[in-house]
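Engineer: Sequence first, predicted coordinates after that:
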Amino acid sequence: MDGRLTEISRREVLRYLQWRGGEVPEELARQLDGCQAALLAAARPRVVWQRYDLCPDMTLLGTAFRLQGQAVARLLADCREVILFCATLGLETETRLRRAQAGNMAEAVVLDAMGSAAIENVCDNLCGDLAKQFAPRYLTDRFSPGYGDMPIAQQRALFDTLDVTRKIGVTLTESYLMVPQKSVTAVVGIADRPQPRRRGCGSCVNFENCAYRKEGKYCEA
């Protein structure tokens with residue numbers, strides 16, 4: 001299953017930029033168009049995923065990976081199987097963003113928002129493809145390490161379990177940040193009955209840098 005980038009939502013980009021509404025100025029609109037073209041030219045989306053049986057102690061059968069945290073346990077309460085995945089826009093996007101950060105911070109801010117919206121689309125497309133593949137069963141929302149009480153350190157076990165670096169080239173720093181930064185890891189449950197939609201901070205690619213969350217607020221997502 002290939003990674004697919006099919007759309008960069010302008011609404012999502014403006015949300016990441018904390019645009020408060022109203023007409024977008026012509027100068028910003030031109031910058032958005034230019035950054036979108038640059039990102040689409042650079043993006044090389046890739047994904048890796050695998051299904052696992054989920055044991056009662058939250059261990060994934062056949063692995064040393066045990067999911068930690070009450071929040072993810074609640075999400076997976078109806079599930080006996082889970083999917084782990086990692087998705088990325090690729091190193092070319094990272095290079096383009098770093099070049100902008102070195103020379104044009106205004107462009108870099110817009111490119112960063114574009115990248116967040118783009119990897120969100122890749123994840124949505126992957127989950128949509130998985131939902132079709134595992135029908136008539138149902139998928140939960142995705143849940144990423146570092147959200148709620150699921151430790152960010154679980155990134156390491158997820159990387160090792162999926163062999164992420166070898167398969168799609170994403171690496172992990174000592175502080176568990178991913179390179180390329182426009183990458184996402186997550187767990188998704190497979191259930192026999194429809195699951196409530198819990199989309200929000202836990203599935204947002206901008207979770208770590210969200211200004212709304214740092215102010216104790218939430219965006220409309």
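Structural biologist: Received the coordinates, thanks.
Engineer: Residue 24: what's it in contact with?
Structural biologist: Residues near residue 24 by C-beta atoms under 8 Å, 6 or more residues apart in numbering: 14, 32. Placement of C-beta: from N, CA and C, glycine included.
Engineer: Give me the pLDDT value at it.
Structural biologist: On the pLDDT scale, residue 24 is placed at 89.
Engineer: Just give the nearest non-adjacent residue to residue 167, would you?
Structural biologist: residue 48 (4.6 Å; C-beta to C-beta, 6 or more residues apart in numbering).
Engineer: Longest helix in this protein, by number of residues?
Structural biologist: Secondary structure assigned by DSSP state H gives helix 105-134 as the longest helix of the chain.
Engineer: Assign the residue nearest to residue 167 to helix, strand or coil.
Structural biologist: Of the three states, residue 48 takes strand under DSSP: H, G, I helix; E, B strand; the rest coil.
Engineer: Against residue 153, how distant is it?
Structural biologist: Residue 48 sits 20 Å away from residue 153, taking C-beta to C-beta, to the nearest Å as the criterion.
Engineer: what about the residue nearest to residue 167, how many neighbours?
Structural biologist: 21 (other C-beta atoms under 10 Å).
Engineer: Just confirm it contacts residue 126, I think it does.
Structural biologist: No: contact criterion C-beta atoms under 8 Å: residue 48 and residue 126 do not qualify, at 10.0 Å.
Engineer: shared neighbours of those two, which are they?
Structural biologist: Common neighbours of residue 48 and residue 126, using C-beta under 8 Å, 6+ apart, are residue 85.
Engineer: Tell me which residues touch residue 92, please.
Structural biologist: 42, 43, 44.
Engineer: Just the buried residues of these.
Structural biologist: 42, 43 (16 or more other C-beta atoms under 10 Å).
Engineer: Could you list every helix and strand in contact with the longest helix of the chain?
Structural biologist: Contacts defined by 3 or more C-beta pairs under 8 Å, 6 or more residues apart in numbering; DSSP states H and E place helix 105-134 against helix 10-16, helix 26-42, strand 46-53, strand 79-88, helix 91-103, strand 138-143, strand 183-191.
Engineer: what's the average pLDDT for that helix?
Structural biologist: 96.
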